[in-house]
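Asker: Next input, structure requested:
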Amino acid sequence: MKKAFRVEIEKIVYGGRGMGRINGKVVFVPFTAPGDRVRVQVLRQKKDYSEAGLQNVEQESPLRVKPFCGLFGKCGGCQYQHISYRHQLQLKEKGVRDSLLHLKEGKNLEVLPVIPCSHDRGYRIRAQFKGGLTDKREVLGFFGLKSHQLVEVRQCPLLHPLANEIFKGLQGWLGKKREYFVRYADIQVSPDENKGVVQLHVKGPYHSEMAERLGKEISGVKGVVVAGKKKISWGELTLLYRLPEIFGKRSLQIRAEYDSFTQVNPYQNWNLIQRVVEWADLAGRERVLDLFCGSGNLTLPLAQRALKVWGVDQDERAVENAQENARKNQMDNCLFIPAAAGAGIRRILAETKSVDVIVLDPPRAGARDVLDSLALLRPQKIIYVSCEPPTLGRDLHRLGAMGFHVQRIQPLDMFPHTYHIEVIAELSAVSARHPANTRDRFKDFSVFAES
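Answerer: As a prediction, this is how the structure comes out:
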């Protein structure tokens with residue numbers, strides 16, 4: 001048997017694990033809290049640290065509370081249910097600060113208090129469930145922490161009630177004898193529409209009427225997609241969302257495709273939009289670029305206050321929805337470009353030499369590949385929305401080297417009870433300059449020859 005060790009948990013690091021020491025060497029232990037005294041078993045030895053599994057808590061931290069889900073500690077979806085929500089916010093704010101300490105602003109960087117979520121449960125409007133076999137039964141669930149071991153789920157407390165209702169119906173539907181196997185199932189719902197879309201990825205034979213039968217059998221479903229050797233669908237595959245009325249402007253409605261990116265938390269999405277619009281500080285004369293725009297979640301609220309807005313996204317269906325959303329909301333100052341970020345920037349540079357504000361909301365990998373070309377548009381302000389503080393810190397460091405100064409940071413708890421955190425950064429062009437190699441990279445573009 002592997003030897004067990006007693007460890008004092010000093011702090012929580014990004015990723016949600018507690019950090020302690022064994023004989024001076026750092027060890028990371030999941031599902032712990034600062035101040036815990038725990039008994040652990042080392043699972044993996046690395047050069048500079050170890051990873052351990054929690055055996056039991058011998059002395060509890062004052063931060064601890066009782067988890068509200070019986071699967072906590074088995075399912076890998078949540079990391080912080082054992083910590084009070086108030087302290088979760090404090091831990092996340094500290095994690096953001098630690099991720100950005102290397103910036104030139106350093107300890108003087110203005111990091112605002114985390115915006116808490118009004119609904120710390122029942123907030124998720126989309127989720128992906130993995131398929132597997134347990135006792136020869138086909139089940140759906142989530143993977144365990146850092147593993148591909150399936151944990152069967154009957155309902156998830158973080159899911160919106162409508163998503164849980166559809167998931168329950170899907171489980172009952174799958175309980176009937178079938179010839180195919182569901183590899184995973186995606187559920188996405190709209191609280192505004194009170195409807196959802198289900199997407200199944202299956203292995204084995206299935207018939208063309210399957211999508212329609214599933215949709216008609218499960219309450220609350222307006223559209224179904226079944227993908228395997230071929231793709232079949234039934235019903236309507238877009239969902240309608242209402243955007244907030246901000247600073248006296250009318251509320252907007254947007255439609256998004258079932259497989260296009262949408263924010264997982266509609267309550268915090270409203271706060272996100274409000275803060276981005278507030279920091280953009282538009283007076284109606286500005287030209288704005290919204291990079292990674294999706295279906296127009298940020299583009300349209302910005303367009304209500306700008307002279308012109310370009311939206312760029314490589315998801316062609318999302319861009320088609322964004323164009324339709326602009327038309328239905330009677331907004332004619334939006335131009336949407338279906339292209340990767342770099343190609344979209346080149347197209348805009350062919351039309352204009354500068355924009356006033358750039359808003360970008362990239363995926364977790366960040367925007368490193370396009371930061372240099374952003375400077376060529378000479379923005380006076382950049383608002384960077386990120387769901388991954390470490391890559392945000394990396395990208396802000398690069399923008400700082402290009403002359404953009406970080407003005408303030410706003411963490412926003414988009415994902416309660418997990419280690420994830422949304423962050424908004426505002427940068428101003430104090431002395432922004434063009435990286436030397438960027439102009440050479442686009443030298444075939446005639447716009448550069450003119451400037």
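Asker: Which residue ranges of the stretch 301-450 of the chain form strands?
Answerer: Per DSSP state E, counting those that start in this stretch, the stretch 301-450 of the chain carries strands over the ranges 308-313, 334-338, 357-360, 381-386, 404-412, 422-429.
Asker: Could you identify which of the ones you listed is most buried?
Answerer: strand 308-313 (a mean of 26; mean count of other C-beta atoms under 10 Å). Every residue, glycine included, has its C-beta placed from N, CA and C.
Asker: what's the span of stretch 106-119 from first residue to last?
Answerer: 33 Å (C-alpha to C-alpha, to the nearest Å).
Asker: Tabulate the strands of the stretch 301-450 of the chain in a markdown table, adding columns for mean pLDDT and distance to residue 132.
Answerer: Output for the strands of the stretch 301-450 of the chain, formatted as a markdown table (pLDDT from 0 to 100; distance: least, C-beta to C-beta, whole Å):
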| stretch | mean pLDDT | distance to residue 132 |
| --- | --- | --- |
| strand 308-313 | 98 | 34 |
| strand 334-338 | 97 | 37 |
| strand 357-360 | 98 | 37 |
| strand 381-386 | 98 | 33 |
| strand 404-412 | 96 | 34 |
| strand 422-429 | 96 | 31 |
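Asker: closest one to residue 219 among those?
Answerer: The closest of the strands of the stretch 301-450 of the chain to residue 219 is strand 422-429. By C-beta to C-beta, the value is 31.9 Å.
Asker: what helices or strands is that closest one leaning on?
Answerer: Strand 422-429 is packed against helix 266-280, strand 381-386, helix 389-401, strand 404-412, with contacts defined by 3 or more C-beta pairs under 8 Å, 6 or more residues apart in numbering; DSSP states H and E.
Asker: Take those and write them to JSON lines, including distance to residue 253.
Answerer: Shown next, in JSON lines, are the helices and strands packed on strand 422-429 (distance: least, C-beta to C-beta, whole Å):
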{"stretch": "helix 266-280", "distance to residue 253": "13"}
{"stretch": "strand 381-386", "distance to residue 253": "21"}
{"stretch": "helix 389-401", "distance to residue 253": "30"}
{"stretch": "strand 404-412", "distance to residue 253": "23"}
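Asker: Please identify which of these is closest to residue 29.
Answerer: Taking C-beta to C-beta as the criterion, helix 389-401 is the member of the helices and strands packed on strand 422-429 that comes nearest to residue 29, at 20.5 Å.
Asker: what's that closest one in contact with?
Answerer: 14, 95-96, 99-100, 102-105, 364-368, 371, 374, 382, 384, 386, 406, 421, 423, 425, 427 (C-beta atoms under 8 Å, 6 or more residues apart in numbering).
Asker: Point me to the helix or strand that includes the spatially closest residue to residue 389 that is not a sequence neighbour.
Answerer: Leaving out its chain neighbours, the residue that sits closest to residue 389 by C-beta to C-beta, 6 or more residues apart in numbering is residue 99, at 3.7 Å. Of the helices and strands defined by DSSP states H and E, residue 99 is found in helix 85-100.
Asker: What residues sit buried inside that helix?
Answerer: By 16 or more other C-beta atoms under 10 Å, the buried positions in helix 85-100 come out as 85, 87-89, 91-93, 95-96, 99-100.
Asker: next one: stretch 240-260
Answerer: 241, 243-244, 246, 252, 254-258, 260.
Asker: Can you name the two of these that sit furthest apart?
Answerer: 246 and 258 (26.7 Å).
Asker: shouldn't residue 7 be in contact with residue 22?
Answerer: Yes - under the criterion of C-beta atoms under 8 Å, residue 7 makes contact with residue 22 at 6.3 Å.
Asker: any common contacting residues for these two?
Answerer: Any residue near both residue 7 and residue 22 by C-beta under 8 Å, 6+ apart counts here, and that gives residue 52.
Asker: which of the two has more neighbours?
Answerer: Taking neighbours as other C-beta atoms under 10 Å, residue 7 and residue 22 compare with residue 7 leading, 23 against 16.
Asker: For this protein, which element, helix or strand, carries the lowest mean pLDDT?
Answerer: helix 446-450 (a mean of 29; mean pLDDT, DSSP states H and E).
Asker: now the spatially most central residue of the chain: how far from residue 2?
Answerer: The centre of the chain sits closest to residue 387, judged by C-alpha atoms, centre = their mean, with a distance of 5.2 Å. From residue 387 across to residue 2, the span is 36 Å (C-beta to C-beta, to the nearest Å).
Asker: cool, and residue 211?
Answerer: Separation of residue 211 from residue 2 (C-beta to C-beta): 49 Å.
Asker: So which of these two has more stuff around it?
Answerer: Neighbour count, other C-beta under 10 Å: between residue 211 and residue 2, residue 211 has more, with 23 against 9.
Asker: any idea of the mean pLDDT in the host helix or strand of that one?
Answerer: Assessed by DSSP H and E, residue 211 sits inside helix 210-217. For helix 210-217, mean pLDDT is 92.
Asker: and that helix, what does it pack onto?
Answerer: Using 3+ C-beta pairs under 8 Å, 6+ apart: helix 210-217 touches helix 161-174, strand 195-203, strand 221-227, strand 231-235.
Asker: Contacts for stretch 45-54, please.
Answerer: Contacts to stretch 45-54, defined as C-beta under 8 Å, 6+ apart, come from residues 5, 7, 22, 25-32, 38-44, 73.
Asker: and if we set it to 6 Å?
Answerer: Applying C-beta atoms under 6 Å, 6 or more residues apart in numbering, the contact partners of stretch 45-54 are 26-29, 31, 38, 40-44.
Asker: do stretch 279-292 as well
Answerer: Contacts for stretch 279-292 (C-beta under 6 Å, 6+ apart): 298-299, 302, 305-313, 341, 355-362, 383, 426.
Asker: could I get that stretch in CSV with only the CA atoms?
Answerer: Output of stretch 279-292 as CSV, limited to C-alpha atoms (Å, rounded to 0.1, in the frame of the first residue of the first chain):
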residue,chain,number,x,y,z
TRP,A,279,-16.2,50.6,-20.3
ALA,A,280,-16.5,51.1,-24.1
ASP,A,281,-18.0,54.5,-23.2
LEU,A,282,-19.4,55.1,-26.7
ALA,A,283,-20.9,58.4,-27.8
GLY,A,284,-22.2,57.5,-31.2
ARG,A,285,-19.2,58.6,-33.3
GLU,A,286,-17.0,55.6,-32.7
ARG,A,287,-16.0,52.7,-35.0
VAL,A,288,-15.8,49.4,-33.1
LEU,A,289,-14.4,45.9,-33.9
ASP,A,290,-16.0,42.9,-32.0
LEU,A,291,-13.6,40.0,-32.5
PHE,A,292,-14.9,36.5,-31.9
